[in-house]
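Novice: here's my sequence, what's the structure:
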Amino acid sequence: MVPSDFKSLIQRFYHLQSERVETYRLFEEGHEAYLRTGPHYDFDHYRQLVHEITQAFCGISKEVLEIKGKLHHDFDRPDLSEHIEKLQSKEKQKLELTAKLQLARQRAQDHPEDEGCQENIQEIKQEIIKTKEALSEIMQDFKYDSEECD
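Specialist: A predicted model of the protein is given here:
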């Protein structure tokens, strides 16, 4: 249930963002555990994790989009809903990069002789860092714009 007053709505949004961070942490830990099951990977267990993580991200996104709609229509704050729009787009990118990184890590583990694998990992990590920086900037803009009317 999405809150109806402005302050609670903003707090709920921050809470969802921290849930998202926690979900990434669980995803990373689960993938590291999966890599430790190699070379005969426990794929069923990992597939279940991916399913649960996907559901968690979908639930978070759904609620974030509801908040975005409320900010735009109920509170006439298109500026804030635009920040959320950008944020959602970057979060999608971050998730895609995270999945790409996990595949690259498995490839590197399976082919230790291939130096290109390590380079690929470093490139993806750099992209993730840039994406996280962009997310952080969007969050700062959101915080600034949402507090100016206090």
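
Novice: might you list the low-confidence residue ranges for the chain?
Specialist: 149-150 (pLDDT under 70).

Novice: again, only using 90
Specialist: 1-4, 148-150 (pLDDT under 90).

Novice: buried sites along stretch 112-126?
Specialist: The neighbour-count check on stretch 112-126 (16 or more other CB atoms under 10 Å) flags 117, 120, 121, 124 as buried. Placement of C-beta: from N, CA and C, glycine included.

Novice: closest to residue 57 out of those residues?
Specialist: residue 124 (18.9 Å; CB to CB).

Novice: mind listing what the residue nearest the centre of the chain touches?
Specialist: With distances taken as CA atoms, centre = their mean, residue 91 lies nearest the centre of the chain, 4.5 Å away. For residue 91, the contact set (CB atoms under 8 Å, 6 or more residues apart in numbering) comprises 20, 61, 135.

Novice: quick one: list the elements packing against the stretch of helix or strand residue 141 belongs to.
Specialist: Taking DSSP states H and E as the criterion, residue 141 maps to helix 115-147. Counting contacts by 3 or more CB pairs under 8 Å, 6 or more residues apart in numbering; DSSP states H and E, helix 115-147 is packed against helix 6-35, helix 78-110.
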